[in-house]
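Chemist: Need coordinates for the below:
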Amino acid sequence: MRGEYYEEDPILAHGKQQDGRRRYVAQMLQDSHRTRVTDMITTSFYQKADLERWLMPDIRAEDYTELMDSMWEPLLEKNLSFVVQTQQGDTVGVALNFDANDEPPVEINSKLEIVFTFLEHLECPIRENQLPQGKGQVLHGLMMATHSSMSPQQNVEVIHFMEEEMLRIARKGGFAGVFTTNTSPLTQQLGTDIYEYQTLLDYQVNNYVAPDGTKPFSEAPNWQRAICSWRLV
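Modeler: This next block holds a predicted model:
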């Protein structure tokens, strides 16, 4: 699959150096990115994920490799995901996206199924009742990750850049808007304060009851939320 660099819309200062040159560029996801992307997803979610931490030690690093293996071909086929690279060509971020009304089934044979079942529990009623219907209407931001070498400041910069790029992809593709569920306080704050996402659901994580009657996130503090958000483009 051919990757192409975007001619991006004007972005916030975080994406440019002080002399005006672009600090980061986005490139469509392609097969050559597989190892680096799998590493970023695994490291970010295994070490820092806000939901998975309550499922330890039942979550393994290998679970994320298996997840990426099952998703990889559909991600390439749909061509809505991208990586972020520095001017030196280092891949430092990834955003995995699908059309919310054209998402392929993904087989999960690990405890990660608990997380995805939880997200489906929150998102399905919203997709069916509050968002535009039909293909090409809703860009679903599924997962974002940054490289472990990023400093806290660089991490924020790359996430900013990815948020901007998602909106640009949605506009270019003719989508009505972007839908995402944020479990990270950082992306929740960015979504509300910077990118003006509309909150459709603000859910207290430790209230969730799984289909088997258990509460897998019962140890999460009351302040931990999952926020389903929508932004028209």
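Chemist: what sits against Asp50?
Modeler: Asp50 makes contact with Thr183, Ser184, Pro185, Gln224, according to Cβ atoms under 8 Å, 6 or more residues apart in numbering. The way it works is simple: take the backbone N, C-alpha and C, and place the C-beta from them, glycine included.
Chemist: contacting residues around the second one?
Modeler: Yep, that's Ser184 we're talking about. Asp50.
Chemist: Give me the distance between it and Trp72.
Modeler: For Ser184, the distance to Trp72 equals 23 Å [Cβ to Cβ, to the nearest Å].
Chemist: Could you do Glu163 as well?
Modeler: Applying Cβ to Cβ, the value for Glu163 to Trp72 is 23 Å.
Chemist: So for the two, which residue has more residues nearby?
Modeler: Glu163 (24 against 17; other Cβ atoms under 10 Å).
Chemist: That one belongs to a helix?
Modeler: Yes - residue state for Glu163 (DSSP: H, G, I helix; E, B strand; the rest coil) corresponds to a helix.
Chemist: My understanding was that it contacts Glu196; is that so?
Modeler: No - Glu163 lies out of contact with Glu196 (Cβ atoms under 8 Å); the separation is 11.1 Å.
Chemist: surely Gly177 meets Gln198?
Modeler: No - assessed by Cβ under 8 Å, Gly177 is found out of contact with Gln198, at 9.0 Å.
Chemist: all helices for the protein, in order.
Modeler: 34-48, 61-78, 112-129, 152-172, 185-189 (DSSP state H).
Chemist: okay, and the helix or strand of the chain with the least pLDDT?
Modeler: In the chain, the helix or strand scored least confidently by mean pLDDT, DSSP states H and E is helix 185-189, which has a mean of 79.
Chemist: Spatially central residue for the chain, please.
Modeler: Centroid-nearest residue in the chain, with Cα atoms, centre = their mean: Met143, separated by 2.3 Å.
Chemist: Enumerate every residue touching the residue lying closest to that one once chain neighbours are set aside.
Modeler: Using Cβ to Cβ, 6 or more residues apart in numbering and skipping the chain neighbours, the partner closest in space to Met143 is Leu96 (4.4 Å). Taking Cβ under 8 Å, 6+ apart, we find Leu96 in contact with Leu29, Ile41, Met71, Leu75, Ser81, Leu142, Met143, Met144.
Chemist: What pLDDT is listed against the second one?
Modeler: In this case it means Ile41. On the pLDDT scale, Ile41 is placed at 94.
Chemist: so how far is Ser151 from the nearest residue to it once chain neighbours are set aside?
Modeler: Excluding its sequence neighbours, the residue lying closest to Ile41 (Cβ to Cβ, 6+ apart) is Ala145, at 4.9 Å. As for Ala145, its distance to Ser151 is 16 Å (criterion: Cβ to Cβ).
Chemist: Give me the more crowded residue out of the two.
Modeler: Ala145 (26 against 8).
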